[in-house]
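Q: coordinates only, sequence not included:
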């Protein structure tokens with residue numbers, strides 16, 4: 001009996017497989033989490049870029065209507081993130097008159113899932129993150 005225990009303690013033929021079985025799920029979750037957060041920040045950065053491009057457009061084209069600004073935001077996001085449908089982006093333009101200028105606050109929000117981005121993998125224990133961007137443009141009168 002003692003000899004059998006010594007031989008089984010020295011036999012390491014399956015130890016790498018058992019270690020891999022313990023470590024592999026953790027490594028896969030970390031890799032999927034990194035991919036998902038990278039995707040989230042890429043889309044969030046795209047929203048910020050689109051809102052800033054629309055603000056620049058509103059500043060340079062003082063006759064641009066609110067619909068033109070909303071279309072600009074949706075087209076910039078649609079050109080970069082091909083998986084997004086333009087109807088899932090809610091864009092609001094709120095003008096605030098000033099002295100010689102009008103300030104336009106432009107806000108883009110994902111209109112589905114209460115403004116939150118759903119992750120591709122449902123196996124990650126991560127809540128959905130809110131996706132919105134906002135900026136303020138100065139439009140000369």
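A: That came through, no problem. This structure is a prediction, so every number in the text was calculated from the model and none was measured.

Q: what's the helix or strand for the residue sitting nearest the centre point of the chain?
A: Closest to where the C-alpha atoms of the chain average out (C-alpha atoms, centre = their mean) is residue 40, at 2.6 Å. Element membership for residue 40, per DSSP states H and E: helix 15-60.

Q: Moving C-terminal from that helix, which element do we reach first?
A: Following helix 15-60 in sequence, per DSSP H and E, is helix 66-80.

Q: which parts of that following helix are buried?
A: Judged by neighbour count using 16 or more other C-beta atoms under 10 Å, the buried positions of helix 66-80 are 69, 70, 71, 72, 73, 74, 76, 77, 78. C-beta here means a position set from N, CA and C on the backbone, and glycine is covered the same way.

Q: Stretch 91-106 too?
A: Of the residues in stretch 91-106, those buried (16+ other C-beta under 10 Å) are 91, 93, 102, 104, 106.

Q: same deal with stretch 131-140?
A: Buried, per 16+ other C-beta under 10 Å, within stretch 131-140: 131, 132, 133, 135, 137, 139.

Q: Check stretch 29-39 too.
A: In stretch 29-39, counting by 16+ other C-beta under 10 Å, buried: 32, 36.

Q: Could you list the low-pLDDT ranges of the chain?
A: 1-12, 114-115, 118-127 (pLDDT under 70).

Q: From residue 87, how far out is the residue nearest to the centre of the chain?
A: 21 Å (C-beta to C-beta, to the nearest Å).

Q: Also residue 43?
A: Computed as C-beta to C-beta, the residue 43 to residue 87 distance reads 16 Å.

Q: Would you mind telling me which of these two has the busier surroundings?
A: residue 43 (19 against 9; other C-beta atoms under 10 Å).
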